[in-house]
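Enquirer: Sequence first, predicted coordinates after that:
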Amino acid sequence: MSNKKFPKLAVLSLLGILSLTSCGESNEIKSKPSNYDDPIVTIDGYDEKIQNDIESIIYDAYHDDSLASETLTKVLHRYAQSIFGAYNKIAQSKNDDSTTLKEAVKDIVSNNVDKTISDNFIRAHKAYWTYDDNGKHVNDDDPDNIVEVTDDKNFTPCQSERTKVTSRFADIESRIAENMFSKIKTGSYTSKHFFSEVKFLKALYEDKQSVSNYRDDNGKLLDIDPLIIDYTVEGKDVFEEDILHRDLYQTNYEVNEDETADYQGEQYHYIEKVIIPEVYNDLLIEQYLMDEDVAAVRNSRARQINVIKIEEHEGFGLNANLLAKELVKEIYATVPAATDEYNAVVDEENNPFEAIFERYQKIAKGLYDDLYTQTGDPKDERADEIIQAINTSRSDAFKVETGALSGKKYFSNTTYGDLVEEYEELLSAESFNELDMTLYNKYTDSGKCSFEEGFDQEKINIAQSESITKGWYIQKSSPTLDSNGKIVNNLFQLSVANNKIEIKDDEDIEQLEKLAEVDRIVKNATTGDWEVREGPSPKENKYICSINGAYFLKFDGQAAGSNYTDDILYYDGSAYYVVQVLEAAKDVKLRNGISDNSYANTRSQTFLNKVISEITKKVAETGNYASLSKEHWLKKMDIKYHDQSVYDYFKDNYPDLFD
């Protein structure tokens, strides 16, 4: 019966009908009970059954009583597959022969005219349907004639629905990388910023996970050198940057591979067995948000930012001040696109300021070795130009010194400069009794390494300290930046989103004309040269300005000087900040293509899907959405219970299901 109590069933009674024998170090089931294939629960309207895993059930019942909670996890995962489609055949449940998400994507991106496979997939999964603001299923292939879909069984999917499928798969791929990255950022796999994939693989392999052996056929450790996980590396790039080698954790993951082929050799499915269920659980929470509380997403005031922080050196703020002024000059001199018109879109994929900010960080920290050779030749010509320009006005700003004992060159009054000078003090000790033991322990890891090795590690610590903040944030989960909170206050002003002009391409003449009215870069009518406005446009927003299509936060007063253009620089008393706003989302931008101002129209459907995914991830982390989501989806299932402990667990934790 559904949600009704029945005679007590004891999981441990299974022991009476099992015969377990010990053979070496393994326990082997020699005979199966008659009800081996009976489900723990069933869900009406959904063919998937949660199958018994006898060994794990007995183990769990004896040790940690996790049967009920594990059942809930599996129920939700399988239900998520019914909403989004199983990721691939390996992730799919037994006896399920429906089209997978991977197969649907392969069909969509193929050159085949016949799209029966993907069309049937979309018809079976409403999460990919396009709805108007009134909740009606519509076809929006013709923006000027959006029609309601009346035949939900045989309709032909529109292009936006096909794009949602490919976007979802791309999103899952990105989340797989981010999930894997989160597992390696901390822990015993990383030592002094160096990550060892062999150690990570060894831990998983010895835990009997479905991954490659960490040794080759000759018993030697795999030849994978430890790498520094640079602060610039983002989780989604963990495979592309060769920090992790995906084929060691997942076999046949490419879209163009045949899922039904009989592959030879050993296969690895850690990603399908461990990562995909975690990803799908997150997707289920986010789908709940989109279905039941979409206002929380659309009104979250989401911002994608790129922020540089240039800290003053203690007791010597000059270099930070001059460097900040030079950065402002470069921002106004930077033309992201090599055109004679305004740059239409400066976004994550087309953002010159990411590299510019990272260069200024190296200079601010004084990382001489990253900027010059020890003979003084510039490794980075642009960095050398910046330093020379600053030193023209104040030669003591980035003054080059040479350590008398180490021979290392450095800029005085910088973080790296302090490191070299401290190192010189350590080297100057003529006997063990003269050693500063605090410095000795710092540079030798308490006697475990040489002075030089310790110095190199301290330099890495400086290089990897994060002074650039980038990514998506929402008002309820804002970043920690300046000490005064002024930046966050300005960032989440509603007008920041309202006044960021969205332009799809350079042919969007009407929007380009609007941008020309407020942009701080204008073309001289006589010479044809691009120049900075003499004063702000009367139509310019209070909190944000456009500089050749790139947007920056504004602040009261001019931290760098008297010119109005310096208002993009903020000084909190100890550091200077420049805040680039790549995206500023608001309700209308996050709607389907019904709205003219939707990202789907101003940018693309793919871009809209990506932004919504980023925002729902952030919103889902706030509040109690995880709990609300579980109860929401459980209510949609007509669950029949076949185990008393599972029934009791569900009733205790979700009593509303049994009203």
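Expert: It's in.

Enquirer: ok, now how distant is Val496 from Asp369?
Expert: When C-beta to C-beta, to the nearest Å is applied, the distance between Val496 and Asp369 equals 39 Å. For glycine as for every other residue, the C-beta is placed from the backbone atoms N, C-alpha and C.

Enquirer: which of those two has more neighbours?
Expert: Taking other C-beta atoms under 10 Å, Val496 and Asp369 do not tie; Val496 has more neighbours (22 against 18).

Enquirer: Any figure for the gap between Thr622 and Leu289?
Expert: Taken as C-beta to C-beta, the span from Thr622 to Leu289 is 10 Å.

Enquirer: Over to Tyr551?
Expert: 27 Å.

Enquirer: What's the first helix or strand after the lengthiest helix in the chain?
Expert: Of all the elements of type helix in the chain, the one with the most residues (DSSP state H) is helix 159-184. Once the chain leaves helix 159-184, the next helix or strand it forms, by DSSP states H and E, is strand 190-191.

Enquirer: What strands flank that following strand, and is each parallel or antiparallel?
Expert: Its sheet considered, strand 190-191 pairs with strand 194-195 (antiparallel) by DSSP bridges.

Enquirer: Quick one: residues in contact with the partner strand.
Expert: The contact list for strand 194-195, computed with C-beta atoms under 8 Å, 6 or more residues apart in numbering, reads Ile184, Tyr189, Pro226, Leu227, Ile228, Ile229, Ile243.

Enquirer: distance between it and the chain's centre?
Expert: Taking C-alpha atoms, centre = their mean, to the nearest Å, one finds the center of strand 194-195 at 20 Å from the center of the full chain.

Enquirer: The next helix or strand after that strand: which residues count as buried?
Expert: Taking DSSP H and E as the definition, the helix or strand that follows strand 194-195 towards the C-terminus is helix 197-206. Residues of helix 197-206 classed as buried by neighbour count (16 or more other C-beta atoms under 10 Å): Glu197, Val198, Lys199, Phe200, Leu201, Lys202, Ala203, Leu204, Tyr205.

Enquirer: Of the residues you listed, just say which sits nearest to Ser69.
Expert: Taking C-beta to C-beta as the measure, Ser69 lies nearest Leu204 of the buried residues of helix 197-206, at 22.9 Å.

Enquirer: from memory the closest one sits against Tyr268, does it?
Expert: No: in this structure Leu204 lies outside contact range of Tyr268 using C-beta atoms under 8 Å: 9.8 Å.

Enquirer: So for the two, which residues contact both of them?
Expert: When C-beta under 8 Å, 6+ apart defines a contact, the residues bordering Leu204 and Tyr268 alike are Val211, Tyr249.

Enquirer: mind listing the strands in the stretch 51-200 of the chain by residue range?
Expert: Using DSSP state E, counting those that start in this stretch, the strands of the stretch 51-200 of the chain run over 138-139, 147-148, 190-191, 194-195.

Enquirer: cool, the stretch 401-550 of the chain as well?
Expert: Under DSSP E, counting those that start in this stretch, the stretch 401-550 of the chain gives strands at 409-411, 468-473, 521-523, 530-532, 544-547, 550-553.

Enquirer: and Arg303, which of the ones you listed is closest to it?
Expert: Among those, strand 468-473 comes nearest to Arg303, with 5.6 Å by C-beta to C-beta.

Enquirer: The closest one pairs with which strands, and in what direction?
Expert: Paired strands of strand 468-473, with direction, are strand 303-311 (antiparallel) (DSSP bridges).

Enquirer: following the strand it pairs with, which helix or strand shows up next?
Expert: Towards the C-terminus, the helix or strand next in line after strand 303-311, according to DSSP H and E, is helix 318-333.

Enquirer: Next, the angle strand 303-311 makes with that following helix.
Expert: Angle between the axes of helix 318-333 and strand 303-311 is 140 degrees (criterion: axes from the mean of the first three to the mean of the last three C-alpha atoms, to 10 degrees).

Enquirer: If you count neighbours, what's buried in helix 318-333?
Expert: Judged by neighbour count using 16+ other C-beta under 10 Å, the buried positions of helix 318-333 are 319-328, 330-332.

Enquirer: Same check on stretch 647-659?
Expert: Of the residues in stretch 647-659, those with enough neighbours to count as buried (16+ other C-beta under 10 Å) are Tyr647, Tyr649, Phe650.

Enquirer: Likewise for stretch 399-417?
Expert: Of all the residues in stretch 399-417, those buried under the rule 16+ other C-beta under 10 Å are Glu401, Ser406, Lys408, Lys409, Tyr410, Phe411, Ser412, Asn413, Thr414, Thr415, Tyr416, Gly417.

Enquirer: Greatest separation within those residues: which pair is it?
Expert: Looking at those by C-beta to C-beta, the two members farthest from one another are Ser406 and Asn413, with 18.0 Å of separation.

Enquirer: out of the contacts of strand 194-195, who's nearest Asp643?
Expert: Distances from Asp643 to the contacts of strand 194-195, taken as C-beta to C-beta, are shortest for Ile184 (37.0 Å).

Enquirer: residues near that closest one, how many?
Expert: Around Ile184 there are 19 other residues, counting by other C-beta under 10 Å.

Enquirer: For it, give me its contacts.
Expert: The neighbourhood of Ile184, defined by C-beta under 8 Å, 6+ apart, consists of Thr190, Phe195, Phe200, Ile229, Val238, Ile243, Leu244.

Enquirer: for the residues you listed, which one is nearest Leu634?
Expert: For Leu634, the closest of the contacts of Ile184 turns out to be Val238, at 33.6 Å, with distances computed as C-beta to C-beta.

Enquirer: Distance of that closest one relative to Asn179?
Expert: Taking C-beta to C-beta as the criterion, Val238 is separated from Asn179 by 9 Å.

Enquirer: Please apply the same query to Asp380.
Expert: With distances taken as C-beta to C-beta, Asp380 is found 35 Å from Asn179.

Enquirer: Where does pLDDT dip in the protein?
Expert: Counting by pLDDT under 70, the ranges of the chain that qualify are 1-41, 43-67, 231, 259-266, 335-344, 506-507, 557-561, 593-594, 659.

Enquirer: Okay, domains of it per the record?
Expert: The record's domain split for the chain, according to automatic domain parsing, is 11-84+624-658, 106-294.

Enquirer: list the contacts for the residue nearest to Asp572 when sequence neighbours are not counted?
Expert: Counting by C-beta to C-beta, 6 or more residues apart in numbering, Asp482 is the residue found nearest to Asp572 once chain neighbours are left out, at 4.1 Å. Counting by C-beta under 8 Å, 6+ apart, Asp482 touches Tyr570, Asp572, Ala575, Tyr577.
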